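need coordinates for the following:
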Amino acid sequence: MSEHSSNNAQKNDFIRNIIRDDIKAQKYPQIVTRFPPEPNGYLHLGHVKSICLNFGIAEEFGGVCNLRFDDTNPTAEKQDFIDNIENDVKWLGFEWAGEAHHASGYFDQLYAWAVQLIEQGDAYVDLQSPEQIRDNRGSFNEAGTPSPQRDASVAENLARFKDMKDGKFAEGEAVLRAKIDMASPNMNMRDPVIYRVMHQAHHQTGDKWCIYPMYDFAHPLSDALEGITHSLCTLEFEDHRPFYDWAVEKIGFEVPPHQYEFSRLNVDHTMTSKRKLKQLVDEGVVSGWDDPRMPTIAGMRRRGYTPEGLRDFCERVGVTKVDSVVDFRLLEFSIRQSLETTTARGMAVLKPLKVTITNFSDAVSSWESQKADSVNARWDEDAQTLWLKQPKHPNVDMGEREIPFTETLYIDQGDYEIEPPAGYKRLSLEKPEIRLRNTYVLAVTEHITDDAGNVTELKATIDPATLGNNPEGRKVKGVIHWVSASLGVPATVRMYEQLFSVEDPGSASDVHQVLNPNSLTELAAVVEPSLANSDAGTRFQFEREGYFIADSEEHTSDKPVFNQIVSLRDSYKPA
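The predicted model follows:
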């Protein structure tokens, strides 16, 4: 059992209540769930909820959870997708029982069961074209029209199905259909197709097969083969449950699996259609499936989201049978909560404004006689640099880092205004003094502008008596961050907004129309050396700016790249 299962006893929802009743009635010797993705793309935020639910229930009730790839469509599936899905599940903190399963591993048995259905009179080979089959299904107000082959003999159907298997039919010339009810009010029960011809090699079985089972046929029987007790699906599969039950009943199982549906995870400004996400990847709108703006697990991992934060988010959302839309800010709240006590602090200036300290040598060179007890520092005479030692986190012991303080610094452009707006609490000529974090009180004496009137440099002095403290009677409000201009390291910082500009991007007919043009902004920032020297994948809080991660693909110490994870704070409070 993994370390994050300790709070499971507090959870209560309709699925867990069903399982508790089943355990009390001794209905099953062991609870067995499964996570059954189709390997036709990368997993996304919606899958996180399903992963947490299936694996979490198995943990809570002493059961097991299988990882099974429902790989019934070789034209859309890749080994790359399988590898990434396995990595995603492990990264979220879960382990599956034994080896990963594949529906393709059951193809021989599924074929034998298809033959069994034909022999029972429960399936037939249809020679209509796909268009004819679609047109003859009828509508919600009109019954379907039976296929001309619906009443063919068992012998005829067995021979045709074997011909399908032997490659004697082209794609679209023949399918195997379940024989149920062409007048059923549930369209899924109007003789659904259960096998089709596909002359396509499979990533697991090679060229062995040229017919492949449909997902709705393979899924319930794979569940039954694996002894799944509770097959947990999202609500869109509710109308498919009658066929799920029909398939396992017709094949015959002593203890058949049962399907339960729960609401899918819908988050505003987020789209989880694999088809549309693949379109963005294929068109180069995003850099790949792991682009930090993508709602894929790979993208969220590269963005810097934590598995703990994602699991907390899913726990807060809960499990119900009613579809709803979750505020994206709840996700950010959970991520922010997980970062507060786990990330070291550092200073990064995202929009640098140069500051020259005109009295630097006089003020700092004699620092030994003026240093405060609260300041841990060393003076490098040769480099004319005051190295300040500061904790990496104010409340958690993560060690210390050294920060260089030099004659020229960078502060953020937003921390100085020529004509400050009402309520402005940072630097201006009207309010020239402010404290530089961990060091001195700085006083601006002059600003320099370019021809367009933009401030390009500040001239300032520091008060030698204020290193690390305010002398008695000295009141200075406001603290700003800074970075050494000479020893700070240039860095690329990527700032993100949501990829989509509307709350429901999935409803748009053209995904390009709802893309947010400001979803990515790259800034030429400067960071303190401890940030630049970090390993790729290390998360930080940039003081006063937010949480960031050293990019897992591009970050190096000489060319640092940081991705914004989430803002420092938000007014949003979860219920």
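
which helix runs longest in the chain?
helix 45-60 (DSSP state H).

in it, which residues are buried?
The neighbour-count check on helix 45-60 (16 or more other Cβ atoms under 10 Å) flags 45-60 as buried. For every residue, glycine as well, the C-beta is placed using N, CA and C.

closest to residue 85 among the residues you listed?
residue 47 (8.6 Å; Cβ to Cβ).

hang on, that closest one packs against residue 297?
Yes: the pair residue 47 / residue 297 is scored as a contact, 7.0 Å apart, by Cβ atoms under 8 Å.

helices of this protein, start to end?
Under DSSP H, the chain gives helices at 14-24, 45-60, 79-91, 107-119, 130-135, 154-165, 215-225, 241-251, 274-282, 297-303, 307-317, 328-339, 360-365, 529-532.

I figured residue 143 hits residue 182, correct?
Yes: in this structure, residue 143 is within contact of residue 182 by Cβ under 8 Å, at 6.1 Å.

the more surrounded of those two?
residue 182 (17 against 14; other Cβ atoms under 10 Å).

leaving out chain neighbours, which residue sits closest to that one?
residue 144 (3.9 Å; Cβ to Cβ, 6 or more residues apart in numbering).

so for that neighbour, what's the pLDDT?
Residue 144 is assigned 98 on the pLDDT scale.

would you mind measuring from it to residue 181?
Distance of residue 144 to residue 181, computed by Cβ to Cβ, to the nearest Å: 9 Å.

residue 384 too?
Applying Cβ to Cβ to residue 384 and residue 181 gives a distance of 88 Å.

how about residue 272?
33 Å.

of those two, who's got more company?
The residue with more neighbours, out of residue 272 and residue 181, is residue 272; 19 against 14, by other Cβ under 10 Å.

where does the more buried one fall, phi/psi-wise?
Main-chain dihedrals, residue 272, degrees, to the nearest 10: phi -120, psi 20.

which residues touch it?
44-46, 265, 295, 506 (Cβ atoms under 8 Å, 6 or more residues apart in numbering).

repeat for residue 463
Going by Cβ under 8 Å, 6+ apart, the list of residues near residue 463 reads 363, 440-441, 443.

top of those by number of neighbours, please.
Neighbour max across the contacts of residue 463 (other Cβ under 10 Å) = residue 440, 25 neighbours.

show me where pLDDT drops low in the stretch 201-350 of the chain?
Scanning the stretch 201-350 of the chain for pLDDT under 70 picks out no residues.

hmm, I typed the wrong one, I wanted the stretch 351-500 of the chain.
Residues of the stretch 351-500 of the chain that meet the cut-off, pLDDT under 70, sit at 366-374, 472.

what ranges do the strands span in it?
352-357, 376-380, 385-391, 400-405, 408-412, 433-436, 441-449, 455-462, 479-480, 483-484, 489-496 (DSSP state E, counting those that start in this stretch).

among these, which comes closest to residue 94?
Closest approach to residue 94 among the strands of the stretch 351-500 of the chain (Cβ to Cβ): strand 489-496, 27.0 Å.

list the contacts for residue 353?
410-413, 415-416, 455-458.

that one and residue 279: what is the separation?
Distance, residue 353 to residue 279, by Cβ to Cβ: 41 Å.

same check, this time on residue 510
The gap separating residue 510 from residue 279 is 10 Å, by Cβ to Cβ.

which one of the two is surrounded by more residues?
Set residue 510 next to residue 279 and count neighbours by other Cβ under 10 Å: residue 279 wins out with 13 against 7.

contacting residues for that one?
285, 511.

could you do residue 289 as well?
With Cβ under 8 Å, 6+ apart, residue 289 has these contacts: 41-42, 84, 277, 281, 296, 298-299.

hmm, try it at 10 Å
Each residue near residue 289 by Cβ atoms under 10 Å, 6 or more residues apart in numbering is listed here: 41-44, 80-81, 84, 277-278, 280-281, 296-299, 302.

skipping adjacent residues, who's closest to it in space?
Once flanking residues are discounted, residue 289 sits nearest to residue 42: 4.2 Å by Cβ to Cβ, 6+ apart.

hang on, that neighbour packs against residue 286?
No: when contacts are counted by Cβ atoms under 10 Å, residue 42 is not listed as touching residue 286 (11.5 Å).

ok, those two, which is more surrounded?
Neighbours per residue (other Cβ under 10 Å) separate residue 42 from residue 286, with residue 42 holding more: 25 against 20.

can you tell me how far the residue nearest to residue 425 when sequence neighbours are not counted sits from residue 434?
Spatial nearest neighbour of residue 425, excluding adjacent residues (Cβ to Cβ, 6+ apart): residue 478 at 5.2 Å. Distance, residue 478 to residue 434, by Cβ to Cβ: 5 Å.

settle it for me: which of these two has more neighbours?
residue 434 (23 against 13).

which residues touch that one?
411, 415-416, 425-428, 441-444, 460, 476-480 are the contacts of residue 434 under Cβ under 10 Å, 6+ apart.

can you go through those residues and name the buried ones?
411, 415-416, 426-428, 441-444, 460, 480.

need those residues in CSV with distance to residue 376, can you?
Converted to CSV, the buried ones among the contacts of residue 434 look like this (distance: Cβ to Cβ, whole Å):
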residue, distance to residue 376
411, 23
415, 25
416, 29
426, 27
427, 27
428, 32
441, 19
442, 20
443, 25
444, 27
460, 24
480, 21
